[in-house]
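*Asks:* build me a model from this:
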Amino acid sequence: MERFKHQLAESGYVSQSGTEGVFDLNRRFCEGAVFSAMWPNPQSPYIVSGLPEVPGQAPNTNPPATWRLRQDEAVVMIGTTPPPEEYFSFDLTRLKGSLPTGPLVWTSVGDPVNNATVRTQGPTPYSRSFALVITGNARTRGEVNKMLEASGLGGATNNLTIPPAMYRLGLDQKADQFLLGMRTAVAEPGFEKALDDYRATPPLQIMRVRPQSSSGDERKPVYGPTPCPSLRCGCPGPEPPNSTSIPHCGCCAGASSTPTPATRCATKW
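*Replies:* Model (predicted):
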C-alpha cells in the first residue's frame, strides 16, 4: 500500500482512506439502525467497505456504507484474499433509498469478482495479494492500473466497471450511490478459525483516489468523460490481459467456434 501511495503522489493524485468491517444485519436491525434485516445469512456475513465523503459534496444517504463517485475518481482496494473456502466475492451494487427507514432499490452493477475469476499474486485465489479498481473513467483506470503495476500488483489487478451510460456519476444530490460488499462463505475443513480471523480483522485497505484539482475544489472533475468498456462477461476463469469486456464470447459454449452471448455462469450467490 505504501508503494501505491507513493505512486499516487508522484502522479498528482490525492486519496482518502476508508474502512472495512462486517455488516451484521441482524444486530443492526435489533438496534434499529436498518428498517429490515433483509434475510441475512449469519454464517456468511458481508464485509462492507466504508468511504469518506469528498469535501463539499452532497451528503450521502447511508454513510459511510454508500458513496458517490466523482466522474474521474476510482475506488481502490488492496489486500489479501480470504483463506480457502467454498465461495467469496466482491460485489458492487447501486443502492437508492435509506437503510434506516426504507424502502430500498438495491441492484448489482454487473458480475462480482469471485474466487473463480479473481486475479491474485500466485496460482491460487486464496490468501494471496490482490488489488481491485472501481471506476467509470477509462483514463483514470489506465493511470491507476499503471500505478498498481509499478507497485508490484500488475498481474493481480481486478477491474470493476461503473458504466456511465447506465449510472449517474458525480457528487451532487442526483448522483447514484454505490455499496461494495464482500461475501465469505463456508471455510474448507481446517480453515474455520482462519476465516473467522479474516472477518474479525479484514486484511484489506480501501481508498478513493482522484487527480488533484488545481482549483482546490475537489468536487469538480479534472479529466473529461472517457467511458470505460462495457461490463465484463461472466464466464469462469481470468480475463484476457488488458481486457475488461467480452460482450460476446465462446467460452461459455465450450469448444464452439460460433460466438454466443456470454452467460453469467461465474456468478454465484
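*Asks:* just the strands in this structure please.
*Replies:* For the chain, the strands defined by DSSP state E cover 13-17, 19-23, 46-50, 74-80, 85-97, 104-108, 113-114, 129-135, 157-161, 178-187, 204-211, 248-249, 260-261.
*Asks:* make TSV out of those strands and add mean neighbour count and distance to residue 151.
*Replies:* The C-beta positions use only the backbone N, C-alpha and C, and glycine is treated the same way. Below are the strands of the chain laid out as TSV (neighbours: other Cβ atoms under 10 Å; distance: least, Cβ to Cβ, whole Å):
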stretch	mean neighbour count	distance to residue 151
strand 13-17	17	13
strand 19-23	17	19
strand 46-50	21	20
strand 74-80	22	8
strand 85-97	19	19
strand 104-108	12	29
strand 113-114	22	19
strand 129-135	24	8
strand 157-161	23	10
strand 178-187	21	21
strand 204-211	21	12
strand 248-249	13	30
strand 260-261	11	36
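*Asks:* nearest to residue 4, out of those strands?
*Replies:* Evaluated over these, closeness to residue 4 peaks at strand 74-80, with 6.3 Å, by Cβ to Cβ.
*Asks:* gap between the closest one and the chain center?
*Replies:* Between the centre of strand 74-80 and the centre of its chain there are 8 Å (Cα atoms, centre = their mean, to the nearest Å).
*Asks:* what strands line up against it, and which way round?
*Replies:* Strand 74-80 has the following sheet partners, assigned by DSSP bridges: strand 129-135 (antiparallel), strand 204-211 (antiparallel).
*Asks:* just the CA trace of it, in CSV.
*Replies:* Extracted as CSV, the C-alpha positions of strand 74-80 are listed here (Å, rounded to 0.1, in the frame of the first residue of the first chain):
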residue,chain,number,x,y,z
ALA,A,74,-11.6,5.5,-8.7
VAL,A,75,-12.1,3.3,-5.6
VAL,A,76,-9.0,1.1,-5.0
MET,A,77,-8.8,-1.8,-2.6
ILE,A,78,-5.5,-3.5,-1.9
GLY,A,79,-5.2,-6.5,0.4
THR,A,80,-5.3,-10.3,0.8
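*Asks:* other residues contacting it?
*Replies:* 1, 4, 49, 51, 67, 69, 90, 127-135, 137, 140-141, 144, 148, 153, 180, 202-210 (Cβ atoms under 8 Å, 6 or more residues apart in numbering).
*Asks:* now do the same end-to-end measure for stretch 197-214.
*Replies:* 43 Å (Cα to Cα, to the nearest Å).
*Asks:* before we move on, back to that, and the strands paired with strand 74-80: which comes nearest residue 23?
*Replies:* Between these, strand 204-211 lies closest to residue 23; by Cβ to Cβ that is 13.7 Å.
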